[in-house]
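Visitor: fold the following, please.
(one chain, ligands or ions: 1)
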Amino acid sequence: MQIVDIRATTVAVPLQAPLRHSNGAHWGRFIRTIVEVEADNGLIGLGEMGGGGESAEAAIRALLPYLKGHDPVQLETLRFKIANPTASLYNNRTQLLAAVEFACLDLVGQQLGVPVHDLLGGRIRDSVPFASYLFFRYASDGYAEIRTPDQLVEHARELRQAHGFTVHKLKGGVFPPDYELECYRALADAFPGDRLRYDPNAVLSMAEGLRFGKAIEGLNNDYLEDPVFGLEGLRLVREQIGVPIATNTVVVNFEQLASNVMRRSADVILLDTTFWGGIRPCVKAAGVCETFQLGVAVHSSGELGIQLATMLHLGAVLPNLTYAADAHYHQLRDDVIEGGRLPYKDGAIAVPSGPGLGVRLDRDRVAEYAEFYKRVGGYPYDRDPGRPGWYAQVPNERFADPTISVEVAT
Ligand SMILES: [Mg+2]
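Guide: Below is the predicted model of the structure:
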């Protein structure tokens, strides 16, 4: 099998409502670049990338000269062809590599008639549990604003009812820490048997991070995720509070993982199939984590069905995945894969069992959302439509005002 072509299509898929986070917002839609790698036998492997609100079409298409004639089975040489560690100092293609790796695994799986998890060692679970992913958000098209503790609890209750979640993740760093602490405690009070995690995307000061961490010590926490920035910051918080520390920001490659093994800063590593350069690097990293008794969870960078499939195949094969995965997926109004959004059952999503990634593109949906992208364009992930002129600093000292209800046009 040889690669003969690479196509990229940018789509904008609507979210229920604009999602607020510590660095800005997802402005009511996800921008994702759908990657199709065509082989000489006519098979098409699927990949996906995105997360920052911009198209990656040009960068993906520019890989064709590197990959024309490449055998998709050759996944190790793929790494060196487009993202060797020293050349990457200039041209960091880790996330592009990930999208191509997904497509190559999809091609190999289709060629052999086996699902991707069988190429990764075989599945040890049939479905992957997920956390509800709770955001403060602006109202949109009948989807209510989420700003107050009551609105947040009501939203979590609806998601719990609809999808069966028993783990809840609050994305914070938007409002002052004391206010978000009140919100977090409201969730703990409302769902006493469920587990919780809080992630302010590293914007708290050391003092606030410590104060928040100490304040939640008695609650049913999975972990406190990136309360402050940096391996050293996390290490100092970790030494002083009784809550496990997780990160998806400062352990995203093997060098950083090695540092964290030698001098522990985080107890739980959130593996992201894009940040790490593919599904296979995540499996390798999970092996290191297993050896050194680090916990493993799955990070979400705002996925449509293709990337979600990579997270499901990853989750299927990790013996040490003892935490529910994260996904923005339930925030979407639709998907670009055949059959629409994959369903949750009892808080979990079934691992696809078809050949390759086990998901295929719905051409009508792709055309519809490619057209929508052309109409609305991308968005600045690091800006907030409700706070013109504001941008995030780390640590943040200019939080949003929780007493103000803002209407935004996106
Ligand atoms: Mg995070």
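Visitor: break this protein down into its domains, please.
Guide: With domains defined by automatic domain parsing, the chain comprises 3-118+363-376, 121-350.
Visitor: quickly check: the longest one near the ion or not.
Guide: Read that as domain 121-350. Yes - counting by CB under 5 Å from the ion, the ion has neighbours in domain 121-350: 199, 225, 248. C-beta: built from backbone N, CA, C; applies to glycine.
Visitor: nearest to residue 408, of the domains of the chain?
Guide: domain 121-350 (4.8 Å; CB to CB).
Visitor: just give me how far the closest one sits from the chain centre.
Guide: Centroid separation between domain 121-350 and its chain, computed with CA atoms, centre = their mean, to the nearest Å, is 9 Å.
Visitor: now do the same end-to-end measure for it.
Guide: Using CA to CA, to the nearest Å, the end-to-end distance of domain 121-350 comes to 18 Å.
Visitor: and if you look at stretch 55-64?
Guide: From its first residue to its last, stretch 55-64 covers 17 Å (CA to CA).
Visitor: what is the rounded mean pLDDT of that stretch?
Guide: For stretch 55-64, the mean pLDDT works out to 97.
Visitor: got the contact list for that stretch?
Guide: Residues outside stretch 55-64 that contact it (CB atoms under 8 Å, 6 or more residues apart in numbering) are 5-10, 31, 33, 35, 49-50, 82, 93, 95-96, 99-100, 373, 378.
Visitor: buried stuff in that stretch?
Guide: Judged by neighbour count using 16 or more other CB atoms under 10 Å, the buried positions of stretch 55-64 are 55-57, 59-60, 63.
Visitor: could you list which of these also contact the ion?
Guide: Counting by CB under 5 Å from the ion, no member of the buried residues of stretch 55-64 reaches the ion.
Visitor: just the closest of those residues to residue 138, please.
Guide: Nearest to residue 138 among the buried residues of stretch 55-64, with distances taken as CB to CB, is residue 55, at 23.6 Å.
Visitor: gap between that closest one and residue 402?
Guide: Separation of residue 55 from residue 402 (CB to CB, to the nearest Å): 34 Å.
Visitor: still on that earlier bit, among the residues of domain 121-350 next to the ion, who's most crowded?
Guide: Neighbour tally across the residues of domain 121-350 next to the ion (other CB atoms under 10 Å): the maximum, 28 neighbours, falls on residue 225.
Visitor: for that one, report the pLDDT, please.
Guide: pLDDT, residue 225: 98.
Visitor: residue 400 too?
Guide: At residue 400, pLDDT is 97.
Visitor: list the contacts of it.
Guide: Residue 400 sits next to 20, 174-175, 384, 386-387 when contact means CB under 8 Å, 6+ apart.
Visitor: how much space between it and the ion?
Guide: 19 Å (CB to the ion, to the nearest Å).
Visitor: and the lengthiest helix in the chain, what other elements does it pack with?
Guide: Looking across the chain with DSSP state H, the single longest helix is helix 94-112. Applying 3 or more CB pairs under 8 Å, 6 or more residues apart in numbering; DSSP states H and E, we find helix 94-112 packed against strand 29-39, strand 44-50, helix 57-61, helix 75-83, helix 116-119, helix 279-291, helix 305-317.
Visitor: any idea which helix or strand carries residue 55?
Guide: Here residue 55, judged by DSSP states H and E, is contained in no helix and no strand.
Visitor: how far away is it from residue 33?
Guide: Distance from residue 55 to residue 33, by CB to CB: 6 Å.
Visitor: shared neighbours of those two, anything?
Guide: Both residue 55 and residue 33 are contacted by residue 10, under the criterion CB under 8 Å, 6+ apart.
Visitor: show me which of the buried residues of stretch 55-64 is closest to residue 355.
Guide: residue 60 (23.2 Å).
Visitor: check contacts around residue 370.
Guide: Residue 370 neighbours (CB under 8 Å, 6+ apart): 9-11.
Visitor: burial measure for residue 343, as a count.
Guide: For residue 343, using other CB under 10 Å, the count is 9.
Visitor: quick one: contacts for the nearest residue to it once chain neighbours are set aside?
Guide: Excluding its sequence neighbours, the residue lying closest to residue 343 (CB to CB, 6 or more residues apart in numbering) is residue 349, at 7.3 Å. The contact partners of residue 349, taken as CB under 8 Å, 6+ apart, are 127-128, 130, 308, 312, 327, 329, 342-343.
Visitor: state the pair within the residues you listed that is farthest apart.
Guide: So, the contacts of residue 349 by CB to CB: farthest apart are 127 and 329, at 13.8 Å.
Visitor: neighbour count: those two, which is higher?
Guide: Taking other CB under 10 Å, residue 127 and residue 329 do not tie; residue 329 has more neighbours (24 against 17).
Visitor: let's see the helix or strand harbouring residue 373 as PDB, backbone CA atoms only.
Guide: When elements are assigned from DSSP H and E, residue 373 belongs to helix 363-376. Coordinates of the C-alpha atoms in helix 363-376 are reproduced here as PDB (Å, rounded to 0.1, in the frame of the first residue of the first chain):
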ATOM      1  CA  ARG A 363     -20.400  13.400   2.800                       C
ATOM      2  CA  ASP A 364     -23.500  15.400   3.100                       C
ATOM      3  CA  ARG A 365     -22.600  16.500   6.600                       C
ATOM      4  CA  VAL A 366     -19.000  17.300   5.600                       C
ATOM      5  CA  ALA A 367     -20.300  19.500   2.800                       C
ATOM      6  CA  GLU A 368     -22.800  21.200   5.000                       C
ATOM      7  CA  TYR A 369     -20.200  22.100   7.700                       C
ATOM      8  CA  ALA A 370     -17.500  23.000   5.200                       C
ATOM      9  CA  GLU A 371     -20.000  25.400   3.700                       C
ATOM     10  CA  PHE A 372     -20.800  26.700   7.200                       C
ATOM     11  CA  TYR A 373     -17.100  27.200   7.800                       C
ATOM     12  CA  LYS A 374     -16.800  29.300   4.600                       C
ATOM     13  CA  ARG A 375     -19.700  31.400   5.900                       C
ATOM     14  CA  VAL A 376     -18.600  32.000   9.500                       C
END
